[in-house]
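[1] missing the sequence, but the structure's below:
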């Protein structure tokens, strides 16, 4: 890390990287993943618009960022596991190539993040429609909301889908 990049982040890195790496290694039980997440934590700090001050508890900030990255990593792994389990049952000629698998996984990660960011009722309505095949009237009854609300939820969900593309 060059000192010309961002002196406050460099100082924080110098003082706390070893501690953060050890903390992550204990939490994850995997030195490689701990190193990656420690690195990503400091990259997040570099990307912050105002990285001049980190407050009086820099380790609290670092653990907050690292915990969020761990959760993101676990979610990604869960999506990947589910996808790999699904394609494991395909006949050999239908198994996607490694490049296609990567593209599909990236799309699934973006979709999962989009769904996670939707408000609860919007996500529920969207999944009831797209996965369960319920009509808007059935969704309104199930969620105990008006038909107009379901239409609004669906509009918002479809707009979110378009933003993923």
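    Cool, got the structure. Quick caveat, the model's predicted, so the values are computed rather than measured.

[2] can we go C-alpha only for contacts and neighbour counts from here?
    Fine.

[3] What's the separation between residue 9 and residue 17?
    Using C-alpha to C-alpha, to the nearest Å, we find residue 9 at a distance of 11 Å from residue 17.

[4] Run through the helices of the protein in chain order.
    All helices of the chain, identified by DSSP state H, fall at 7-28, 31-47, 58-87, 98-117, 120-130, 136-143, 147-164.

[5] just checking, what packs against the last one?
    In other words, helix 147-164. Judged by 3 or more C-alpha pairs under 8 Å, 6 or more residues apart in numbering; DSSP states H and E, the packing partners of helix 147-164 are helix 98-117, helix 120-130, helix 136-143.

[6] next one: that helix to chain centre, how far?
    21 Å (C-alpha atoms, centre = their mean, to the nearest Å).

[7] Out of the helices and strands packed on helix 147-164, which is the most enclosed?
    Most buried of those, by mean neighbour count (mean count of other C-alpha atoms under 10 Å): helix 120-130, with a mean of 18.

[8] which residues touch stretch 29-40?
    17, 20-22, 24-25, 28, 66, 69-70 (C-alpha atoms under 8 Å, 6 or more residues apart in numbering).

[9] List only those of those flagged as buried.
    Buried members of those, counted by 16 or more other C-alpha atoms under 10 Å: 17, 20-22, 24-25, 66, 69-70.

[10] how much distance is there from stretch 38-55 to the middle of the chain?
    Counting by C-alpha atoms, centre = their mean, stretch 38-55 comes out at 18 Å from the chain centroid.

[11] Show me which positions of it end up buried.
    Going by neighbour count (16+ other C-alpha under 10 Å), the buried part of stretch 38-55 is 38-39, 41-42, 45-46, 54.

[12] wait, which of these is closest to residue 117?
    The nearest member of the buried residues of stretch 38-55 to residue 117, counting by C-alpha to C-alpha, is residue 41 at 21.1 Å.

[13] so that closest one touches residue 62, yeah?
    Yes. In this structure, residue 41 is within contact of residue 62 by C-alpha atoms under 8 Å, at 6.8 Å.

[14] Which one of the helices and strands packed on helix 147-164 lies nearest to residue 79?
    Among those, helix 98-117 comes nearest to residue 79, with 7.0 Å by C-alpha to C-alpha.
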